[in-house]
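Engineer: got a sequence here, can you model it:
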Amino acid sequence: MNELVKLVAAKTGMPESVAKIAVDTVLSQLKEKLPEGMGDQVLTLLAGGNSPLSGAGGSADVLKGSLGGLLNKFKK
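Structural biologist: Residues are numbered from 1 along each chain as shown. Down below sits the predicted model:
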């Protein structure tokens, strides 16, 4: 998750302490809105752990790339 905080800070120009609050807020909302169990898998992935999504085919990389693409839309 530290990588995601750094990415948000870099893309937005905000300090890492503020980016961490933003990331925590977004992840909390994701966990709440995703189907049961899926939110936990996404959080595990972003924390650098293994989940069923991190298995075959590089799904974790696809997910991280998609999140990075979303962040690019907010780039200054």
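
Engineer: how about low-confidence regions in this structure?
Structural biologist: By pLDDT under 70, the low-scoring segments of the chain are 48-76.

Engineer: can you list the buried residues in the helix of greatest length in it?
Structural biologist: Counting residues, the longest helix in the chain under DSSP state H turns out to be helix 16-33. For helix 16-33, the neighbour count (16 or more other C-beta atoms under 10 Å) marks A19, K20, V23, L27 as buried. Any C-beta I mention is one placed from the backbone N, CA and C, and that applies to glycine too.

Engineer: please save the CA atoms from it in PDB.
Structural biologist: Output in PDB follows, covering the C-alpha atoms of helix 16-33 (Å, rounded to 0.1, in the frame of the first residue of the first chain):
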ATOM      1  CA  GLU A  16       2.600  11.600   1.500                       C
ATOM      2  CA  SER A  17       0.800  12.200   4.900                       C
ATOM      3  CA  VAL A  18      -2.200  13.600   3.000                       C
ATOM      4  CA  ALA A  19      -2.000  11.000   0.300                       C
ATOM      5  CA  LYS A  20      -2.100   8.300   2.900                       C
ATOM      6  CA  ILE A  21      -5.400   9.700   4.300                       C
ATOM      7  CA  ALA A  22      -6.800   9.900   0.700                       C
ATOM      8  CA  VAL A  23      -5.700   6.300   0.000                       C
ATOM      9  CA  ASP A  24      -7.100   5.000   3.300                       C
ATOM     10  CA  THR A  25     -10.400   6.800   2.600                       C
ATOM     11  CA  VAL A  26     -10.700   5.300  -0.900                       C
ATOM     12  CA  LEU A  27      -9.800   1.800   0.200                       C
ATOM     13  CA  SER A  28     -12.300   2.000   3.000                       C
ATOM     14  CA  GLN A  29     -15.000   2.900   0.500                       C
ATOM     15  CA  LEU A  30     -13.900   0.200  -1.900                       C
ATOM     16  CA  LYS A  31     -14.100  -2.400   0.900                       C
ATOM     17  CA  GLU A  32     -17.500  -1.200   1.900                       C
ATOM     18  CA  LYS A  33     -18.900  -1.200  -1.700                       C
END
